[in-house]
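**Q** sharing a sequence plus its predicted fold:
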Amino acid sequence: MGKIKMGGNATIEFESDYYEFHVTISLIGKTSGDAISKGHSRTEEILSRLQNKLGIDIKTVTLKDEKISAWCERKYYKFNKEFYFQYKASNSTTENIVSLLEKISDVEYDIKFKLANKSEKEQLVLSEAVSDAKQKAEKIATALGSHITGFEEIKYEFNDKSAYDYDDDCDEDCDCLNITSYYSASKTLSADLKSPKIQISKSVEIVWTTD
(Lines give C-alpha, C1' and ligand atoms only; values in the text may rest on other atoms or scores of the structure.)
Protein backbone atom coordinates (compact mmCIF):
# COMPACT_ATOMS: atom_id res chain seq x y z
CA MET A 1 0.00 0.00 0.00
CA GLY A 2 1.28 3.45 -0.90
CA LYS A 3 0.38 7.00 -0.04
CA ILE A 4 0.00 10.19 -2.07
CA LYS A 5 -0.25 13.59 -0.38
CA MET A 6 -2.14 16.07 -2.55
CA GLY A 7 -3.64 19.53 -2.10
CA GLY A 8 -6.93 20.59 -3.62
CA ASN A 9 -8.40 24.04 -4.24
CA ALA A 10 -11.73 25.40 -5.40
CA THR A 11 -13.19 28.85 -5.92
CA ILE A 12 -16.80 29.49 -6.90
CA GLU A 13 -18.56 32.78 -7.47
CA PHE A 14 -22.15 33.09 -6.26
CA GLU A 15 -24.55 35.86 -7.15
CA SER A 16 -25.68 37.70 -4.04
CA ASP A 17 -29.13 36.63 -2.83
CA TYR A 18 -30.11 39.74 -0.95
CA TYR A 19 -29.00 43.28 -0.17
CA GLU A 20 -28.65 44.96 3.20
CA PHE A 21 -29.32 48.69 2.87
CA HIS A 22 -27.82 50.85 5.63
CA VAL A 23 -29.05 54.42 6.12
CA THR A 24 -27.09 56.90 8.25
CA ILE A 25 -28.56 60.24 9.30
CA SER A 26 -25.94 62.77 10.35
CA LEU A 27 -26.55 66.45 11.10
CA ILE A 28 -25.40 69.31 13.31
CA GLY A 29 -27.30 71.39 15.88
CA LYS A 30 -26.32 74.39 17.99
CA THR A 31 -27.37 72.52 21.12
CA SER A 32 -27.79 68.85 21.91
CA GLY A 33 -31.57 69.32 22.02
CA ASP A 34 -31.53 71.07 18.65
CA ALA A 35 -29.47 68.23 17.09
CA ILE A 36 -31.74 65.56 18.57
CA SER A 37 -34.88 67.33 17.39
CA LYS A 38 -33.57 67.72 13.86
CA GLY A 39 -32.31 64.14 13.82
CA HIS A 40 -35.60 62.64 14.93
CA SER A 41 -37.51 64.77 12.44
CA ARG A 42 -35.25 63.64 9.60
CA THR A 43 -35.55 60.02 10.71
CA GLU A 44 -39.34 60.18 10.64
CA GLU A 45 -39.25 61.78 7.19
CA ILE A 46 -37.11 58.99 5.77
CA LEU A 47 -39.03 56.15 7.41
CA SER A 48 -42.30 57.69 6.25
CA ARG A 49 -41.07 57.76 2.64
CA LEU A 50 -39.88 54.16 2.82
CA GLN A 51 -43.21 53.07 4.24
CA ASN A 52 -45.56 55.12 2.06
CA LYS A 53 -43.69 54.96 -1.25
CA LEU A 54 -42.15 51.47 -1.13
CA GLY A 55 -44.50 49.75 1.26
CA ILE A 56 -41.69 48.76 3.63
CA ASP A 57 -42.94 47.49 6.98
CA ILE A 58 -41.05 49.64 9.49
CA LYS A 59 -41.08 46.72 11.94
CA THR A 60 -38.61 44.99 9.61
CA VAL A 61 -36.14 47.90 9.86
CA THR A 62 -33.36 47.34 12.40
CA LEU A 63 -31.78 50.14 14.43
CA LYS A 64 -28.00 49.72 14.44
CA ASP A 65 -26.69 52.82 16.19
CA GLU A 66 -27.80 56.19 17.57
CA LYS A 67 -25.76 58.82 19.40
CA ILE A 68 -25.35 62.52 20.08
CA SER A 69 -21.88 63.95 20.59
CA ALA A 70 -20.15 67.29 21.09
CA TRP A 71 -18.53 68.59 17.93
CA CYS A 72 -16.05 71.35 17.08
CA GLU A 73 -14.93 72.13 20.66
CA ARG A 74 -18.51 71.85 21.92
CA LYS A 75 -19.70 74.74 19.78
CA TYR A 76 -22.10 72.32 18.09
CA TYR A 77 -23.59 68.88 18.64
CA LYS A 78 -23.70 66.09 16.13
CA PHE A 79 -26.58 63.63 15.77
CA ASN A 80 -25.92 60.22 14.22
CA LYS A 81 -28.42 57.44 13.66
CA GLU A 82 -28.04 54.29 11.55
CA PHE A 83 -30.60 51.68 10.63
CA TYR A 84 -30.87 49.02 7.95
CA PHE A 85 -33.27 46.67 6.21
CA GLN A 86 -32.89 43.70 3.90
CA TYR A 87 -34.54 42.90 0.58
CA LYS A 88 -34.29 40.38 -2.21
CA ALA A 89 -31.40 41.18 -4.54
CA SER A 90 -32.70 43.75 -6.99
CA ASN A 91 -30.84 46.70 -8.48
CA SER A 92 -34.17 48.16 -9.58
CA THR A 93 -35.34 48.25 -5.96
CA THR A 94 -32.06 49.86 -4.95
CA GLU A 95 -32.52 52.59 -7.54
CA ASN A 96 -36.01 53.30 -6.20
CA ILE A 97 -34.72 53.58 -2.64
CA VAL A 98 -31.87 55.88 -3.67
CA SER A 99 -34.30 58.01 -5.67
CA LEU A 100 -36.28 58.61 -2.49
CA LEU A 101 -33.20 59.46 -0.45
CA GLU A 102 -31.73 61.90 -2.98
CA LYS A 103 -34.53 64.32 -2.15
CA ILE A 104 -33.44 64.42 1.50
CA SER A 105 -30.32 66.09 2.92
CA ASP A 106 -28.07 64.92 5.78
CA VAL A 107 -28.34 61.24 4.84
CA GLU A 108 -25.77 58.67 3.77
CA TYR A 109 -26.25 55.09 2.67
CA ASP A 110 -24.22 51.94 2.26
CA ILE A 111 -25.23 48.65 0.63
CA LYS A 112 -23.86 45.29 1.73
CA PHE A 113 -24.24 42.35 -0.64
CA LYS A 114 -25.13 39.10 1.10
CA LEU A 115 -25.51 35.35 0.66
CA ALA A 116 -28.31 33.18 1.95
CA ASN A 117 -27.68 29.52 2.87
CA LYS A 118 -23.97 30.24 3.18
CA SER A 119 -23.20 26.91 4.88
CA GLU A 120 -24.59 25.02 1.88
CA LYS A 121 -22.53 27.11 -0.51
CA GLU A 122 -19.40 26.56 1.59
CA GLN A 123 -20.05 22.82 1.56
CA LEU A 124 -20.32 22.87 -2.23
CA VAL A 125 -16.98 24.66 -2.58
CA LEU A 126 -15.34 22.31 -0.07
CA SER A 127 -16.59 19.29 -2.02
CA GLU A 128 -15.06 20.76 -5.18
CA ALA A 129 -11.73 21.22 -3.39
CA VAL A 130 -11.75 17.58 -2.24
CA SER A 131 -12.65 16.47 -5.78
CA ASP A 132 -9.77 18.53 -7.16
CA ALA A 133 -7.31 16.85 -4.77
CA LYS A 134 -8.62 13.40 -5.66
CA GLN A 135 -8.44 13.95 -9.42
CA LYS A 136 -4.82 15.08 -9.20
CA ALA A 137 -3.93 12.16 -6.92
CA GLU A 138 -5.63 9.69 -9.29
CA LYS A 139 -3.51 10.95 -12.20
CA ILE A 140 -0.35 10.30 -10.23
CA ALA A 141 -1.59 6.90 -9.06
CA THR A 142 -2.44 5.90 -12.63
CA ALA A 143 1.02 6.92 -13.81
CA LEU A 144 2.46 4.63 -11.14
CA GLY A 145 0.15 1.76 -12.07
CA SER A 146 -1.90 2.08 -8.87
CA HIS A 147 -5.38 3.10 -7.83
CA ILE A 148 -6.74 5.32 -5.09
CA THR A 149 -8.37 3.14 -2.42
CA GLY A 150 -9.22 5.71 0.23
CA PHE A 151 -7.73 8.44 2.36
CA GLU A 152 -5.78 8.45 5.58
CA GLU A 153 -5.67 12.08 6.60
CA ILE A 154 -7.20 15.41 5.60
CA LYS A 155 -6.22 18.92 6.62
CA TYR A 156 -8.63 21.79 6.26
CA GLU A 157 -8.24 25.32 7.55
CA PHE A 158 -11.55 26.31 9.14
CA ASN A 159 -10.49 29.94 9.44
CA ASP A 160 -9.53 30.33 5.81
CA LYS A 161 -10.32 33.71 4.31
CA SER A 162 -12.62 34.03 1.33
CA ALA A 163 -12.70 36.97 -1.03
CA TYR A 164 -15.75 38.22 0.82
CA ASP A 165 -16.53 38.54 4.49
CA TYR A 166 -19.91 36.89 4.77
CA ASP A 167 -19.70 35.58 8.35
CA ASP A 168 -22.87 37.40 9.35
CA ASP A 169 -24.96 36.24 6.40
CA CYS A 170 -27.98 33.98 6.71
CA ASP A 171 -27.47 30.28 7.31
CA GLU A 172 -30.89 29.64 5.86
CA ASP A 173 -33.22 31.42 3.48
CA CYS A 174 -33.51 34.96 4.77
CA ASP A 175 -36.85 36.50 5.53
CA CYS A 176 -36.06 39.46 3.31
CA LEU A 177 -38.44 42.01 1.88
CA ASN A 178 -39.63 41.46 -1.64
CA ILE A 179 -40.42 45.07 -2.45
CA THR A 180 -42.94 45.28 -5.27
CA SER A 181 -44.41 48.72 -4.79
CA TYR A 182 -46.33 50.86 -7.23
CA TYR A 183 -43.59 53.43 -6.79
CA SER A 184 -40.89 53.43 -9.43
CA ALA A 185 -38.14 55.90 -10.11
CA SER A 186 -37.30 56.89 -13.66
CA LYS A 187 -35.80 53.97 -15.54
CA THR A 188 -32.02 53.93 -15.26
CA LEU A 189 -29.30 51.81 -16.84
CA SER A 190 -28.02 51.00 -13.34
CA ALA A 191 -31.22 49.10 -12.62
CA ASP A 192 -30.25 46.52 -15.25
CA LEU A 193 -26.81 45.77 -13.83
CA LYS A 194 -26.22 42.21 -12.67
CA SER A 195 -26.11 41.55 -8.95
CA PRO A 196 -22.59 41.47 -7.46
CA LYS A 197 -20.75 38.15 -7.35
CA ILE A 198 -19.43 36.84 -4.05
CA GLN A 199 -16.40 34.56 -4.19
CA ILE A 200 -15.82 31.66 -1.82
CA SER A 201 -12.53 29.77 -1.81
CA LYS A 202 -11.58 26.57 0.02
CA SER A 203 -8.41 24.48 0.14
CA VAL A 204 -7.61 21.04 1.57
CA GLU A 205 -4.62 18.73 1.86
CA ILE A 206 -5.33 15.01 1.78
CA VAL A 207 -3.20 11.91 2.19
CA TRP A 208 -4.64 9.31 -0.21
CA THR A 209 -3.97 5.58 0.10
CA THR A 210 -3.22 3.42 -2.96
CA ASP A 211 -3.11 -0.32 -3.64
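**A** Nice, I can see it.

**Q** packing partners of the longest helix seen in the chain?
**A** If you go by DSSP state H, the chain has its longest helix at helix 118-143. With contacts taken as 3 or more Cβ pairs under 8 Å, 6 or more residues apart in numbering; DSSP states H and E, helix 118-143 sits against strand 2-15, strand 148-156, strand 197-210. Glycine gets a C-beta too; all of them are placed from N, C-alpha and C.

**Q** which positions within the lowest-mean-pLDDT helix or strand in the chain qualify as buried?
**A** The weakest-scoring helix or strand in the chain, judged by mean pLDDT, DSSP states H and E, is helix 91-101 (a mean of 91). In terms of neighbour count (16 or more other Cβ atoms under 10 Å), helix 91-101 has its buried residues at 91, 93-97, 100-101.

**Q** repeat that for stretch 113-126.
**A** 113-118, 121-122, 124-126.

**Q** JSON lines for the residues you listed, including distance to residue 9?
**A** Shown next, in JSON lines, are the buried residues of stretch 113-126 (distance: Cβ to Cβ, whole Å):
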{"residue": "113", "distance to residue 9": "24"}
{"residue": "114", "distance to residue 9": "25"}
{"residue": "115", "distance to residue 9": "20"}
{"residue": "116", "distance to residue 9": "25"}
{"residue": "117", "distance to residue 9": "22"}
{"residue": "118", "distance to residue 9": "19"}
{"residue": "121", "distance to residue 9": "16"}
{"residue": "122", "distance to residue 9": "14"}
{"residue": "124", "distance to residue 9": "14"}
{"residue": "125", "distance to residue 9": "10"}
{"residue": "126", "distance to residue 9": "11"}
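
**Q** ok, those residues vs residue 5, which is closest?
**A** Nearest to residue 5 among these, counting by Cβ to Cβ, is residue 126 at 18.4 Å.
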